[in-house]
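J.: sequence below, structure please.
(chains A and B)
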Amino acid sequence: MFTRRSDLPLDKDAHSRFLPWLIAFMVFLAIMAMAGMLVLNATASRWDQGIRGTLTVQVMPAEDPAKDDARLQAVLSVLAQTPEIDSYETLTDDKLLKLLEPWLGPASGSRDLPLPRLVDVELKTGADLDAEVLSRRLAVRVPGASVDDHRIWLKRLVRLIQTVEGLATMVLAFIALATVGTVVFTTRTGLDIHREAIEVLHLIGAQDSYVAGQFASRAFSLGLKGGFFGLLLAVPTLLGIGYLAQQMDSSLLPDVTLGLVHWSVLAGLPLVVSLIAMVTARMTVMKTLSRML
Amino acid sequence: MTTDDSENVVRFENVGLRYGLGPEVLQDVTFSLPAGSFHFLVGDSGAGKSSLLKLIYLALKPSRGLISLFGRDIATTPRRELPAMRRRVGVVFQEFRLLNHLSAFDNVALPLRVAGVRKSDIQKHVVELLSWVGLKDHLDARPPTLSGGQQQRVSIARAVISRPKLLLADEPTGNVDDRMAMRLLHLFEELNKLGTTVIIATHNSHLVEKMGFPKMHLDEGWLEIVGADTDRASVPPASEPGPGGGLLDDGDDDGTRPDLEKLF
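T.: Residues are numbered from 1 along each chain as shown, chains lettered A, B, ... in the order given. You can find the predicted model right below:
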């Protein structure tokens, strides 16, 4: 006998039909922004850990290759006398050539190339070494030796990533605001269209929450519908980006793969957007109805 | 709350009403209706009958004066408590105000659903009441497919389904034939005998005279109660036939009189 679950014909509203589509695009954008943020966050924290207390000493090859070893030993002795340094390790030729591979390709395999000698230096925890001073000390002993302080440029990179992360957060906030605005507009239009029916419900003793509940559950179901559609669009897109990144030279790109936790967070976005839509619709109706007697 | 207030279902004291900056459509309206009374609200078109009813069913706020419903001053009653008061008032709107997307059954079920009544109880009462008003075969019909008279009966069924303490009807017999009009008035009268306070706004002076209940006469916004023993309307004893009893018993007791104890 009961033909309807809702007392208001909200499912017949033409104006609300675009809402799932709009939410689908919002969720798609939100997932892309969030995925970017998660990848950048992982990269930044990896880099941030990597740069803590490391630097590289570079010893340029001398005109006479026979002197290279002596120059390297001189550098190592300076490093050994520096109290802030915890350990150091000279990179082997193989490692060096591997580092050059992305730029020089197979040609990097040639042993005829005059390559600098590189020493990886690890500083003691909390040590505050002035790279400029060390560089000057080394240059005095070994002309052509220099210090490459990772901390400076990696810190800049991390700062850049953090800025991009901030921008992604702003994008997410704008998406949330746009969702709220759209739901408020849709709900107000619905309230206007169904003014007569709402007034009847009001006059026969319906609480505001009774009416608001109908709008809220409608917004929730539309939000969920749109949200999952957005998720369906986003998953292959992210997998595609991950696949392309793997095909590219991974040594030039940060790791863009997403972990299980990341995927779980992204999969929860449609639900979050639906809840935002539901709460917004409910608050809009409650606020509007509170103006009635 | 005074003793009077607890006895009166409706009390108006110097109530005035104006729409916007316009003239007062109701002026210094003062009356009180004791529980179980039956009144006709009469007056010319534009006299303010619908406005007075709207004030009683809490669709409007007065511009001035005091309105008390079921012994509570409306002005000081918190807004969240008004829905519970409205559930005690049944209203038959002049323009029916049925929800066109709902079936006749769902329209009548609405007050019970809003009040949180169980589905099984709703089912039983609504079908019985709709059968009684002659709409057994139209339970699933949408209002636009019903005639004016049928819509009016759905509207009346919706107003009385929750057995309100106060029933307000704005021209409830305007779209039905005489026989159905009598049938519906029987329903109101029986409800009244069970303790419901009834106010019926009508233009049908013939009907008013026949029924013999006191009249609330509105004339250009001024109210006068006619036909009551005192300034307050008298209450027809529940055990005896009301002033309209003769008319209702006049060979017309052929199933038009509802057995409300069974209905509700």
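
J.: from chain A, how far out is the nearest residue to residue B:33 once chain neighbours are set aside?
T.: Counting by C-beta to C-beta, 6 or more residues apart in numbering or on different chains, residue B:33 lies nearest to residue B:10, which is 4.4 Å off, once chain neighbours are set aside. (Glycine included, C-beta is placed from N, CA and C.) Applying C-beta to the nearest C-beta, to the nearest Å, the value for residue B:10 to chain A is 16 Å.

J.: my guess is residue B:10 meets residue B:66, correct?
T.: No: Residue B:10 is beyond contact range of residue B:66, at 11.5 Å (criterion: C-beta atoms under 8 Å).

J.: which one's more surrounded, those two?
T.: Neighbours around residue B:10 and residue B:66, counted as other C-beta atoms under 10 Å in any protein chain shown, are more numerous at residue B:10. The numbers are 23 against 15.

J.: returning to that earlier point: buried residues in the helix or strand where the residue nearest to residue B:33 lies?
T.: Per DSSP states H and E, residue B:10 falls inside strand B:8-18. Residues of strand B:8-18 classed as buried by neighbour count (16 or more other C-beta atoms under 10 Å in any protein chain shown): B:8, B:9, B:10, B:11, B:12, B:15, B:17, B:18.

J.: any idea how far chain B is from residue A:40?
T.: 49 Å.

J.: which residues does that residue contact?
T.: Contact analysis of residue A:40 by C-beta atoms under 8 Å, 6 or more residues apart in numbering or on different chains lists A:161, A:164, A:165, A:168, A:254.

J.: what secondary structure does the nearest residue to residue A:120 once chain neighbours are set aside sit in?
T.: Nearest non-adjacent residue to residue A:120, counting by C-beta to C-beta, 6+ apart: residue A:89, 4.9 Å away. With DSSP: H, G, I helix; E, B strand; the rest coil as the basis, the three-state label of residue A:89 is strand.

J.: pull the most distant pair out of the contacts of residue A:40.
T.: For those, the farthest-apart pair by C-beta to C-beta is A:168 and A:254; their separation is 14.4 Å.

J.: who has more neighbours out of these two?
T.: Per other C-beta under 10 Å, whichever of residue A:168 and residue A:254 has more neighbours is residue A:168, with 21 against 15.

J.: go ahead and confirm the more buried one touches residue A:33.
T.: Yes: assessed by C-beta under 8 Å, residue A:168 is found in contact with residue A:33 at 4.7 Å.

J.: and residue B:210, how many neighbours?
T.: The number of residues packed near residue B:210 is 17, by other C-beta under 10 Å.

J.: part of a helix, is it?
T.: Yes: under three-state DSSP, residue B:210 sits within a helix.

J.: ok, it to chain A distance?
T.: Counting by C-beta to the nearest C-beta, the gap from residue B:210 to chain A is 30 Å.

J.: how about the nearest residue to residue 65, chain neighbours excluded?
T.: In the absence of a named chain, this looks at chain A. The spatially closest residue to residue A:65, leaving aside those adjacent along the chain, is residue A:114, at 7.6 Å (C-beta to C-beta, 6+ apart).

J.: hm, I was asking about chain B
T.: Leaving aside its sequence neighbours, residue B:65 sits nearest to residue B:15 (C-beta to C-beta, 6+ apart; 3.4 Å).

J.: what's near enough to touch that neighbour?
T.: Neighbour list for residue B:15: B:26, B:28, B:29, B:30, B:55, B:62, B:64, B:65, B:66, B:67 [criterion: C-beta under 8 Å, 6+ apart].
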